[in-house]
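**Q** Sharing a model that was predicted from the sequence below.
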Amino acid sequence: MSEARAERLAALVAEEGLDALIVGDLVNPGDSGPDAIANVRWLTGFAGTSGLAIVGPERREFLTDFRYAELAERRVGDAFERVIFDGPVFEELGRRLRGRVGFDPAATSVRNHRKLAAAVGDDVELVAAEGLVERLRRVKDADEVDAIAAASRLADEALEWLLERGIAGKTERRIAFELETRMRELGAQPSFPTIVASGPNGALPHAIPTDREVGPNELVTIDWGAKLDGYCSDGTRTFATGELDEELRSAYELVLRAQLAGVDAVAAGAHGREVDAVSRGIIEEAGMGERFGHGLGHGVGLQVHEPPRLSKRSEDTLEPGNVVTVEPGVYVPGRFGIRIEDLVVVTAGEPKNLSGLPKELRVVS
């Protein structure tokens, strides 16, 4: 797998007129978090905190330090020459780089760019080459789709387990803790901090769980995801804890109609702005447009937020293999919030929905 991905990236590097591309985190090299190491993981399979790759038409090198020598041997394999360095990483890069070398400015700090420029000397031209790996990563292969689907199934199982045990009377913080604990028990970890937003807190799209107890006859939004074998899921459901008034029921049905239409609009060749407009138009026609202030969705893979985007400002066009969320919402300050989110695969035909939980309004105890 890593060899095929390296070949694709090497071809893209050559198309950009580069002799090599540095892949990895040049902000905190040696101490990279999961998002910062995502490009390296996609390319090589390595998931430690210290790893850089150099890829060009004629070269495949992977650099790490002593801590990860054995892990690199297990995960990276023979597709890359493995280099275990002892000393400053920029000095090691300086010894190895020649010609026109690309770096990703989004993954490079100003300070470390200066260090890199000083290390490589005058015979190297550093060229900003943003997003080359991401350009390839946005189209998932079959194994990646299967991994995301497995994470989604696990997340659904964990939420069902939680709902069977009830949420009314529990604090938002407790609900989030129980859900995240269950995902860990099932072999995953949360792909992001779980959102549990009840009653008026639901009006905060990215609410942080509080000590507010979930009360009767109100809405509760749960936005959660699992990370399994490196790949993420992301989903949202909004539940009722009893009888709702007409305003809440009508708002829920509105969001559901917008969400279903948005899923149907996910198709190869569709523009991100167009898909967003399908759901947004339904909410706007109901006079609630100002209550839907975020984009419709985003890509999901090794990171829970990655290209392509579905929003009013998106410049992306969907392709088969993209995996995106569809998550319209309505948020009324001081009253309630509603969001419904599915994880959808773009195919050559009908979209494939990876979210298995029902979306009709569900009353839970």
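**A** Structure's in. What do you need?
**Q** Residue 216: neighbour count?
**A** Other residues lying near residue 216 total 11 when counted by other CB atoms under 10 Å. Yep, even glycine has a C-beta here, placed from its N, CA and C like the rest.
**Q** Isn't it up against residue 240?
**A** No: here residue 216 does not reach residue 240: they are 9.7 Å apart, not a contact under CB atoms under 8 Å.
**Q** looking at the protein, which residue lies furthest from center?
**A** Distance from the centre of the chain peaks at residue 122, with 38.4 Å (CA atoms, centre = their mean).
**Q** Contact partners for that one?
**A** Going by CB atoms under 8 Å, 6 or more residues apart in numbering, residue 122 touches no other residue.
**Q** please renumber so the chain begins at 199
**A** From this message on, residue numbering opens at 199, which makes the last subject residue 320.
**Q** Look up how far residue 290 lies from it.
**A** Residue 320 is 19 Å from residue 290, where distance means CB to CB, to the nearest Å.
**Q** Pairing partners for the helix or strand encompassing residue 506, with directions?
**A** For residue 506, the enclosing helix or strand under DSSP states H and E is strand 504-508. Here strand 504-508 is paired, per DSSP bridges, with strand 495-497 (antiparallel).
**Q** Contacts made by the strand it pairs with with the rest, please.
**A** With CB under 8 Å, 6+ apart, strand 495-497 has contacts from 336, 460, 473-474, 503-509, 520-525, 539.
**Q** One more: stretch 308-316?
**A** Outside stretch 308-316, the residues that touch it by CB under 8 Å, 6+ apart are 224-225, 227, 288, 291-292, 301, 303, 306, 324.
**Q** Read off the pLDDT value for residue 199.
**A** pLDDT, residue 199: 61.
**Q** do you know how far the most centrally placed residue in the chain is from residue 495?
**A** The chain has residue 502 as the residue nearest its centroid, 1.7 Å off, counting by CA atoms, centre = their mean. From residue 502 over to residue 495 the distance is 12 Å, taken as CB to CB.
**Q** send the alpha carbons of the one helix or strand residue 289 maps to over as CSV?
**A** According to DSSP H and E, residue 289 maps onto helix 287-294. Presented in CSV, the C-alpha positions along helix 287-294 are these (Å, rounded to 0.1, in the frame of the first residue of the first chain):
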residue,chain,number,x,y,z
VAL,A,287,16.4,17.0,12.4
PHE,A,288,17.1,20.0,10.2
GLU,A,289,20.7,19.2,10.0
GLU,A,290,19.8,15.7,8.8
LEU,A,291,17.5,17.1,6.2
GLY,A,292,20.2,19.5,5.1
ARG,A,293,22.6,16.6,4.4
ARG,A,294,20.0,14.9,2.3
